[in-house]
Structures are given as structure tokens and as C-alpha cells.
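Student: Have a look; sequence and predicted model below, questions after that.
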Amino acid sequence: MASTTTKLMTFAEFEQLPEREGLRQELRHGALVQVAPPKFDHFMFQQILRDLLDKAAAAAGRAYTEVGFRALPEHEFCVADVAYAAHERWARCRAEQYFRGAPEIVIEVLSPSNTVTEMLDKEKLCLENGCQEFWLVDPERRQVKVSTPDGHTITYRSEQEIPLPLLNGGCLAVDSIFTPAER
Amino acid sequence: MATTTTKLMTFAEYERIPNPPGHRYELHHGELVKVPFPEFPHVRAQWQLRRLLESAAGDAGVVHTEMPYRPLPEHECWGADIAYVAKERWNAIDDYLMGAPELVVEVLSPSNTAAKLLDKRNVCLDNGSREFWVVDTDHRQVEVSTPDGHTIAYKSGQEIPLFFGGRLAVDAIFTPAER
């Protein structure tokens, strides 16, 4: 899954790389990582989560899928499966060309190949650089792990609701992610 | 990592399989899983945790590395990197520990998939574990999960409260006085 360069790749070098059809390219700790495109189920969960968050956020902000961001000024470029931020933050990105720091909510949909180390690493990088909530969505167990910068994590399962303090204070039912009315 | 059988393997069938040299087998959801023996940094962390937990537990319970247990009555036989079992329960064990130990500690290896670990955590916390710990030697932190769905990450400079009494400094795990 990962091809590693021998010395740390800078962001400027990363930016010069040609786009690879169908491949997501990330820069993690100065190493180029190429990720295969998501399978259909994964893609569907991304769309569902984006729509649910958009609906809950109303006028406060927006959620997008496949959001590239620069958590740190150098050697890092991550892509979030889904990310939410307030409108002013997205406006700032347009001015700065890239999303600097990590979005307020970063959501990763778990794939069977994801390692624990990889996920913990991404979580740490996000929560230490502006992200307020890191969500790990686990379709197999139908649960969502929500971690915050204070080191606390709550796992929400079927029949529970995830509070959304960053989005106008609503709630998101776990079952609405995994058993949507229409798919 | 997994050798798949065409149908779910029962515990009785599993029990008859000899362990090959350099590996041991576990039974996960009716599937035979080959587990390699851990590398030394992993073993060292296990040893250190066992020592610290044992000294905190005193006579209240027993702490072991590589402890076998059957979290569910059928199709499962797992090994915990480190486990704590209360004395009374320990003394009552016949052939196997049935259900999950009160405390299961897993030390992360780079190859652990998130899905596998989340599955292990769910099954343990649903079947008798009061706490499930994930020890991350890379980030020098310990994630402590409880059956109410809460997880707290303890980092350097912090102490983990122990449900059987006492506290464990995170730094004592990663910077042992003697190694």
C-alpha cells in the first residue's frame, strides 16, 4: 500500500508529483503514500456521512468528502474521507490554496486493511493540529468512535446518538449512518 | 495471517490441533489463526506491564502474559498479551478461563489491523472485561476502554487509575528503571 522514499519528501516536491489516475496520494511524515480508491460501500458511507452532517449543520458549515489538508506546514498532506468545518474556515482555504491545519471534524471510514498504528497516528496528527473531533466509523461493527483533544473517546453503537456540539448542537443517530432510509 | 477453514471450527476440533514451532494457534470466530511469537520489544513491554500490574494487584488477583481465555463458549480461544484475573475467579478455573479476563492488555504491533483490535475490544468488554487496554509503544500512550463505551488515552506524565486499587504511571511502562 505504501511506497516509501529514502529521504523525507517536502511538500513542494509532493506538490510537483503528477496526478495518478484513481489513486489518492498522501504525504505522511515525509513519506509518499498511495492509497487505492475506496470500494463502493466505503464510498457510500462517505456520501451518507457528508449528507447527514450537512443537514445537521444547516447554515453553520459544510461537510465534504475526500478533503486534502496540511495538518503541519511541512512533510504532511492527509486526505480525510469526510471533513466538516465552519464556512469561514472553508473560505480561508480558498484564499490559502490549501486547508492549513486539520478540519474541525475529520472522519475516517475503516477499511479492513487499516492498521491500528496508522489510525492512531492520523488521529494524533489531527487532534494536535486544530481538529476538535476525530471520528472512526466502523461499518463492520456498526459503531463510531469519537475522539477529542482531551484524550477522551466515546464509542457510539446502534440505538445511540452522537452529540454534535460543533454543528448547532444537534444529534446524529448511529443507525441513520448504517441503516439509512434509502441507499 | 489467517488460515480459513470452509466451515466454523469448534472448540473441540481446535483443542486437538498441535501448535507448530515458532507459532501458536488461536480460534477467532470459528477460524484458525496463526499467531507468531512476539518480537523482543513487545516481550519487554509485556514483562514490564506484568511486573507493574502484579505489584499493584498484590493478593487481589493474578497477572499473566499470554493468558489463554475463551471469551465466548464456542468458536473462540484467544490469548491476551497480559491479563489480570481476580483471585477468586482464578482459583475456580477448570480447564480454561471462560469469558474474558477482568483486564485485557494488548501491546500494539505494526501489523495489527484496526478492525481486528476493535473486534477484540468489543468481544472482551461484552463478555466480562472491566477494562481493555491498548498499549502503544510508538506514541507512548495507553488507551483504556470500559464497557460504557468510554476510552481515555493516558500519556506521559499521567497515571492510570487501577480498578483493583492503586495507580500506574504511564512513564513507568515506557521508561523502566531496569530493563
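Tutor: Cool, the structure landed.
Student: near chain B at all, stretch A:15-35?
Tutor: No - Stretch A:15-35 does not reach chain B (CB under 8 Å from any CB of the partner chain); its nearest approach is 11.5 Å. Quick note: C-beta positions are derived from backbone N, CA and C, even for glycine.
Student: so how far is the first residue of that stretch from its last?
Tutor: Its first and final residues considered, stretch A:15-35 spans 16 Å by CA to CA, to the nearest Å.
Student: And that stretch, how far out from the chain middle?
Tutor: 16 Å (CA atoms, centre = their mean, to the nearest Å).
Student: Pull out the buried positions in it.
Tutor: Of all the residues in stretch A:15-35, those buried under the rule 16 or more other CB atoms under 10 Å in any protein chain shown are A:25, A:26, A:27, A:28, A:30, A:31, A:32, A:33.
Student: Turn those into TSV, columns for distance to residue B:143.
Tutor: Below are the buried residues of stretch A:15-35 laid out as TSV (distance: CB to CB, whole Å):
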residue	distance to residue B:143
A:25	30
A:26	24
A:27	26
A:28	21
A:30	26
A:31	25
A:32	29
A:33	24
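Student: in chain A, which spans are helices?
Tutor: Secondary structure of chain A, counting by DSSP state H: helices at A:11-16, A:40-57, A:87-96, A:116-127, A:174-178.
Student: Now mean pLDDT too, for those, in TSV please.
Tutor: Converted to TSV, those look like this (pLDDT from 0 to 100):
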stretch	mean pLDDT
helix A:11-16	91
helix A:40-57	93
helix A:87-96	90
helix A:116-127	94
helix A:174-178	95
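Student: Quick one: the helices in chain B, in order.
Tutor: B:11-15, B:40-57, B:87-91, B:114-126, B:170-174.
Student: Chain neighbours aside, what residue packs nearest to residue A:45?
Tutor: Leaving out its chain neighbours, the residue that sits closest to residue A:45 by CB to CB, 6 or more residues apart in numbering or on different chains is residue A:109, at 4.7 Å.
Student: Determine the number of other residues adjacent to the one you found.
Tutor: The local packing of residue A:109 (other CB atoms under 10 Å in any protein chain shown) involves 24 other residues.
Student: Give the residue spans of chain B that score low on pLDDT.
Tutor: B:1-5, B:176-179 (pLDDT under 70).
Student: can you pull the contacts of the residue of it found nearest chain A?
Tutor: Using CB to the nearest CB, the single residue of chain B nearest to chain A is residue B:151, 3.6 Å away. With contact taken as CB atoms under 8 Å, 6 or more residues apart in numbering or on different chains, residue B:151 is in contact with A:145, A:147, A:152, A:153, A:154, A:155, B:143, B:144, B:145.
Student: Now for residue A:138, how many residues are close by?
Tutor: Residue A:138: 21 neighbours (other CB under 10 Å).
Student: what pairs with the residue nearest to residue A:45 across the strands?
Tutor: In this entry, residue A:109 is beta-bridged to residue A:137, by DSSP bridges.
Student: Would you mind measuring from it to chain B?
Tutor: As judged by CB to the nearest CB, to the nearest Å, residue A:109 and chain B stand 11 Å apart.
Student: Return the residues in contact with that residue.
Tutor: Residue A:109 makes contact with A:38, A:42, A:45, A:46, A:49, A:81, A:82, A:137, A:139 under the criterion CB under 8 Å, 6+ apart.
Student: Right, I'll call it a day here.
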